[in-house]
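Undergrad: Next comes the sequence, and after it the predicted model I'd like to discuss.
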Amino acid sequence: MSAHRLHPALRPVTRWVASRREAVALAIVRDEISFTEALEAHDLSPDELTSWIFGLRRHGREGLYALKPRLRSPTALLSA
């Protein structure tokens with residue numbers, strides 16, 4: 001199958017941004033592609049792909065950003 005006929009989540013990726021992680025994780029959750037297909041197409045580790053699915057389910061796209069915002073405790077806000 002040529003690259004233009006592949007499911008969008010299986011197309012080659014040069015840079016993993018949150019929207020691309022989301023596309024792959026959503027395709028798996030929606031049973032559009034299999035977990036194994038995604039692993040093989042993108043040379044990912046099972047742990048990495050599982051973390052994307054977990055992050056998406058728990059936090060939406062926010063859970064897929066490479067750098068997460070630093071959370072501050074309520075007491076730190078008072079002393080700032």
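TA: Everything's here; your move. Being a predicted model, the structure only gives us computed values, none of them experimental.

Undergrad: lowest average confidence, helix or strand, in the chain?
TA: Sorting the helices and strands of the chain by mean pLDDT, DSSP states H and E puts helix 74-79 at the bottom, at a mean of 53.

Undergrad: which stretches of the chain aren't confidently modelled?
TA: For the chain, the stretches flagged by pLDDT under 70 are 1-5, 68-80.

Undergrad: Now do the strands in it.
TA: For the chain, applying DSSP state E gives no strands.

Undergrad: separation between the residue nearest the centre of it and Leu67?
TA: Nearest residue to the geometric centre of the chain (C-alpha atoms, centre = their mean): Arg21, 2.9 Å. Separation of Arg21 from Leu67 (C-beta to C-beta, to the nearest Å): 13 Å. Glycine gets a C-beta too; all of them are placed from N, C-alpha and C.

Undergrad: ok, now Arg30?
TA: From Arg30 to Leu67 the distance is 27 Å (C-beta to C-beta).

Undergrad: now swap in Ala38 and tell me
TA: The separation that Ala38 has from Leu67, given C-beta to C-beta, amounts to 23 Å.

Undergrad: between those two, who's got more neighbours?
TA: Ala38 (20 against 5; other C-beta atoms under 10 Å).

Undergrad: Relative to Arg30, how far out is the more buried one?
TA: 12 Å.

Undergrad: biggest helix in the protein by residues?
TA: Longest helix of the chain, by residue count under DSSP state H: helix 46-59.

Undergrad: quick one: buried residues of that one?
TA: 49, 52-53, 55-56 (16 or more other C-beta atoms under 10 Å).

Undergrad: likewise stretch 20-36?
TA: 20-28, 33.

Undergrad: With just CA atoms, put that stretch into CSV.
TA: Below are the C-alpha coordinates for stretch 20-36, written out as CSV (Å, rounded to 0.1, in the frame of the first residue of the first chain):
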residue,chain,number,x,y,z
ARG,A,20,0.6,13.6,15.8
ARG,A,21,0.8,11.6,19.0
GLU,A,22,-2.9,12.3,19.5
ALA,A,23,-3.8,11.1,15.9
VAL,A,24,-2.0,7.8,16.5
ALA,A,25,-3.4,7.2,20.0
LEU,A,26,-7.0,8.1,18.9
ALA,A,27,-6.7,5.8,15.9
ILE,A,28,-5.8,2.9,18.3
VAL,A,29,-8.6,3.8,20.8
ARG,A,30,-11.1,4.0,18.0
ASP,A,31,-9.9,0.6,16.6
GLU,A,32,-9.0,2.2,13.3
ILE,A,33,-5.4,0.7,13.5
SER,A,34,-4.0,-1.9,15.8
PHE,A,35,-1.4,-1.3,18.6
THR,A,36,1.0,-3.5,16.7
